[in-house]
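# Just need the structure, nothing else, for what follows:
(chains A, B and C, ligands or ions: 2)
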Amino acid sequence: MSGVVSYLVFFATMAAILAIVVLGLNLQWGYTGLFNGGVAAFFGAGAYVTMLLGGRPEPGQFGGFLLPFPVAIAGGILFAGLLAWFFGALTLKLRHDYLAIATFGVAVALESVARNAEWLTGGAKGLRGFPRPLEASIADNFLYGLFFLALVLAVLAAVYVGLERLVRSPYGRALRAIREDEEAARSLGKNPVRLRLQSFVIGSMIMGAAGGLYVAFYAFIGPQDLAPILTFQVWAMLIVGGAGNNRGAVLGAFLIWAAWTASGFALATFAPQAMQLYTGPIQYILIGSVIVGMLLWRPQGILPERIGQGRR
Amino acid sequence: MTAALTIEALEAGYVRDLPILRQVDLVAERAKLTVIIGPNGAGKSTLIKAVAGLVPVTSGRVLLDGQDIAGIRPDQMGALGLSYVPQTDNIFRHLSVRENLALVLRRVPEKQARMAELFVLFPALAQKRADRAGSLSGGQRQMLAIAMALAPRPRVVLMDEPSAGLSPKIAAEVLALARSLTRQDVTVLLVEQNVKQALGVADHCYILAEGRNQLDGPAAAILADPVVGEIYLGGKRMSAA
Amino acid sequence: MIQNVLDGVLTGAVISLGAIGLTMVMHMLRFANFAYAELLAIGAYAALVFDKVLAALAPVLASAFKPLTLSASLALATLLAMAITGASAVLLDWLIFRRIRAKADALSMVFASFGVALIVRNAITLAFGHDAKLFSKDIAFATVLSTDPLILVKADQVFVLIAALALMAAFHIVLTRTAFGFALRAVAENPNLAQVAGVRLSTMIVSVWLIGGAFSAAAGVFYTLTNHLSPALGHNFLLPVFAATIVGGIGSVYGAVLGGFLVGVASALSLAVLPSGYVPAMPFLIILAVLLLRPHGLFGEDQA
Ligand SMILES: Nc1ncnc2c1ncn2[C@@H]1O[C@H](COP(=O)(O)OP(=O)(O)OP(=O)(O)O)[C@@H](O)[C@H]1O
Ligand SMILES: [Mg+2]
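Ligands and ions are numbered 1, 2, ... in the order given. From the prediction side, this is the model:
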């Protein structure tokens, strides 16, 4: 029984971390119409920097500065934001899909750095050992799990409320205006490139924050955490929940994460031994089909956008 | 007198539920030169584009020799005998002069002979046949655009401000060329800003403003009408040209 | 160093072939197609299957043309694979991209292409397994042409380079000598005017997918002839073909060819200074350099 409960706590923590990522993507795609093809990169950037700043020192390994968690995660968020700012500034003036290509490239590049720069990232084996916030004060594992879940939920709630305020403010209306009709927005005196860049940077910083929480949760980060599948999962979560709707984004995160975990469990339990090697591809096909199917048949998602006229 | 092109109660626009043209009527008589004039933004280009199939028609009819061509794809118009010279960007700059013509002659029988004829008709193009169209002068570009429209021997030609941006001498040549087409049984529907010159060569004139018919009549009568002269052909119009 | 350049030219030829179709599709349909590189994998696996079938049906076809490891059955299989891959590209457009094009914006197409790539790549994994495949086991004993022991040039590599260049030359002739080629260039420059000039856009879209699919299949086969084949082929070539397209300028076929060779050689040369693990990131650095220095590429004029 307590096994089930602690599993649920574990599940909810991970789903809530992903929901934060999806909220960041929603600001970029749902409200501003920006395509981020490298969600994993911004999540990973936040995670690795948090680990480097707040992790335990290891011989022969750069980092492990043991900074307090809030400082470490702030560093991760800042780095994710800098990364986004650099590539956003470079591409947001160009054809809309350049951002997609550049961010996809960032993800490939960061993954290869994570795999190869052993002195910095620990290479393929990753980095482990992270003093989790208030770990010493809460001895009981289960209680600590609950505490951490509460922490993640609090961050999720803060991000949610912050974004809701943002998108309902005149600033949010300006974002939607440039998404719907860039020329018209420009003629109203908005600067589309700057607004897009701000939205992209803020969204990416939110992803970086989720990466920092992830590191604190697992006390580990490795190159496989930056794999492209994370980007696909987050996209599927957003389109299922409903782009342009923050409640939808959170709902989508929990739904898809439940479906992902359940399908993985089902395949591991019921699929014949010979198929075990192929559970990954089957799940990937499912995620791909969810994305394509939603786009074809219900692009507005479960909870469609309510404010504005909605996406074309 | 028979109508080559008849436009009846036409409504058309770029965005849904936002018609630019409202209830426009127009008749272009066979082998005559009909000119459309009107202020900037009146919908002249939109009207021509709607006939050519580039702007969706929401209601009304466009009859080409009695056949309704509203809703037909633009690439099928040539085969029906209708050609269109756009106002701007009316040649392929990256293709040579010869390639531009060969493109529109793709489906024309005896294309080599037709190409030779066109080079006789437009000697300036003949000299530049191997050059990139983007390197031509403004007048030569306009000639090429007209040659492309004439290549498949259309019965009706739509021209959108063919003399815009040209020197007065070349502009007059272009208008004379449009006039000469009518002597070969080609019907010409022309949009013009050079109102006085255009009325000088035209048979009939339509005045369009805010997407609606304002007035129409024989070109000579319009040119002579003092009220029309003041309202539509006044100093503002002339300087805009 | 010389070896790196040689290898780079060879990979460059493969990237160029892949980028020719991508640049046309990206320009005409105005979206970055992340599923495009999967066509290389579809082509290579299709050739693998056809090769086995043909060799089984007519064993005489299976013997290699010395000094190549290429056999008649594989040559035929490649042609079949080019056709099948072109058809798959058209089919994917009809089933998915065309429908999304009809009701949503270009970025939804980018999004859909991510999903399609994921489906195709993993369907290939399910069908053929994770492990690497070879067209011929003789590849390890392929004839080496060079006399310098430090430089390795296999007969297969020379063949691949010649065949790739021949395909590109053939396409150049089509573009510059045939009315169909004029129509392709016309649509690339100004789709509206092309329609006015009597070109049917939907026909051109199908043609571009067919050409792109066929060239990608050839690229996939050529790469596999001198390397090995795994389901990651498409993913591995995705960033290189995008880089080639951006270097050349979106919409420029010649730019894509040049870009392909540039990316191939630059990646191979980077091996001389960087550990091999960083090679996947090399095309990204090239994209970055282009974005910083010349955002519309060497020959591109595509705006916004
Ligand atoms: N591509 C387009 N999309 C949306 N609206 C357009 C487009 N082109 C023109 N319009 C609008 O349609 C109206 C009519 O424009 P049109 O080009 O037909 O005018 P015109 O009479 O040809 O003017 P001009 O003398 O400047 O050529 C204008 O209000 C214009 O803003
Ligand atoms: Mg006009």
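# Tell me where the model's unsure across chain B.
B:1, B:229-241 (pLDDT under 70).
# Could you check which helix or strand contains the residue nearest in space to the middle of it?
In chain B, the residue lying closest to the centroid (CA atoms, centre = their mean) is B:Met159, at 1.3 Å. In this structure, B:Met159 sits in strand B:156-160 according to DSSP states H and E.
# Wait, the residue nearest to the centre of chain B touches B:Leu190, no?
Yes: if you go by CB atoms under 8 Å, B:Met159 and B:Leu190 touch, sitting 4.9 Å apart. In short, each C-beta sits where N, CA and C put it, glycine included.
# that older thread, ok, what's across the strand from the residue nearest to the centre of chain B?
B:Val85, B:Leu190 (DSSP bridges).
# so who does it touch?
B:84-85, B:146, B:149, B:178, B:188-191 (CB atoms under 8 Å, 6 or more residues apart in numbering or on different chains).
# OK, now which residue of chain B is nearest to ligand 2?
Taking CB to the ion as the measure, chain B has B:Ser45 as its residue closest to ligand 2, at 3.0 Å.
# Taking strand B:156-160 as reference, get the angle to the helix or strand containing that residue.
Applying DSSP H and E as the criterion places B:Ser45 in helix B:44-52. Angle of helix B:44-52 versus strand B:156-160, following axes from the mean of the first three to the mean of the last three CA atoms, to 10 degrees, is 150 degrees.
# sec struct for residue 102, please.
No chain specified, so I'll use chain A. helix (DSSP: H, G, I helix; E, B strand; the rest coil).
# how near is it to C:Ala32?
Computed as CB to CB, to the nearest Å, the A:Ala102 to C:Ala32 distance reads 10 Å.
# Those two: which is more packed in?
C:Ala32 (29 against 26; other CB atoms under 10 Å in any protein chain shown).
# quick one, strands of the stretch 151-300 of chain A?
A:220-221 (DSSP state E, counting those that start in this stretch).
# Correction: the previous question concerned chain B.
B:3-12, B:21-29, B:33-37, B:57-64, B:67-68, B:82-85, B:156-160, B:187-191, B:204-209, B:212-218 (DSSP state E).
# quick one: the first one near chain C?
No: using CB under 8 Å from any CB of the partner chain, we find that strand B:3-12 stays clear of chain C, coming within 15.7 Å at best.
# Tell me the residues of the stretch 51-200 of chain C that contact chain A?
So the stretch 51-200 of chain C meets chain A at C:96, C:99-100, C:103-108, C:110-112, C:114-119, C:121-123, C:125-126, C:130 (CB under 8 Å from any CB).
# What's the local residue count around the residue lying closest to B:Ala178 once chain neighbours are set aside?
Spatially, and ignoring its direct neighbours in sequence, B:Ala178 is nearest to B:Val188 (5.2 Å; CB to CB, 6 or more residues apart in numbering or on different chains). Around B:Val188 there are 26 other residues, counting by other CB under 10 Å.
# count of residues packed around the closest residue to A:Ala243 other than its chain neighbours?
Nearest residue to A:Ala243 in three dimensions, chain neighbours excluded: A:Gly30, at 3.9 Å (CB to CB, 6+ apart). If you count neighbours by other CB under 10 Å, A:Gly30 ends up with 30.
# What separation do you get for A:Gly30 and C:Ser88?
A:Gly30 is 32 Å from C:Ser88, by CB to CB.
# The strand holding B:Met159 to strand B:3-12, inter-axis angle?
Using the same axes, to 10 degrees: strand B:156-160 against strand B:3-12 is 50 degrees.
# Does ligand 2 have contacts with strand B:156-160?
No: under the criterion of CB under 5 Å from the ion, ligand 2 is not reached by strand B:156-160; the shortest gap measures 5.9 Å.
# burial measure for the residue of chain B closest to ligand 2, as a count.
By other CB under 10 Å, 19 other residues sit near B:Ser45.
# Same question for A:Val4.
The number of residues packed near A:Val4 is 8, by other CB under 10 Å.
# still on that earlier bit, can I get the strands of chain B in JSON lines with distance to ligand 1?
As requested, the strands of chain B are exported to JSON lines (distance: least, CB to the nearest ligand atom, whole Å):
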{"stretch": "strand B:3-12", "distance to ligand 1": "10"}
{"stretch": "strand B:21-29", "distance to ligand 1": "8"}
{"stretch": "strand B:33-37", "distance to ligand 1": "8"}
{"stretch": "strand B:57-64", "distance to ligand 1": "14"}
{"stretch": "strand B:67-68", "distance to ligand 1": "22"}
{"stretch": "strand B:82-85", "distance to ligand 1": "14"}
{"stretch": "strand B:156-160", "distance to ligand 1": "7"}
{"stretch": "strand B:187-191", "distance to ligand 1": "7"}
{"stretch": "strand B:204-209", "distance to ligand 1": "7"}
{"stretch": "strand B:212-218", "distance to ligand 1": "12"}
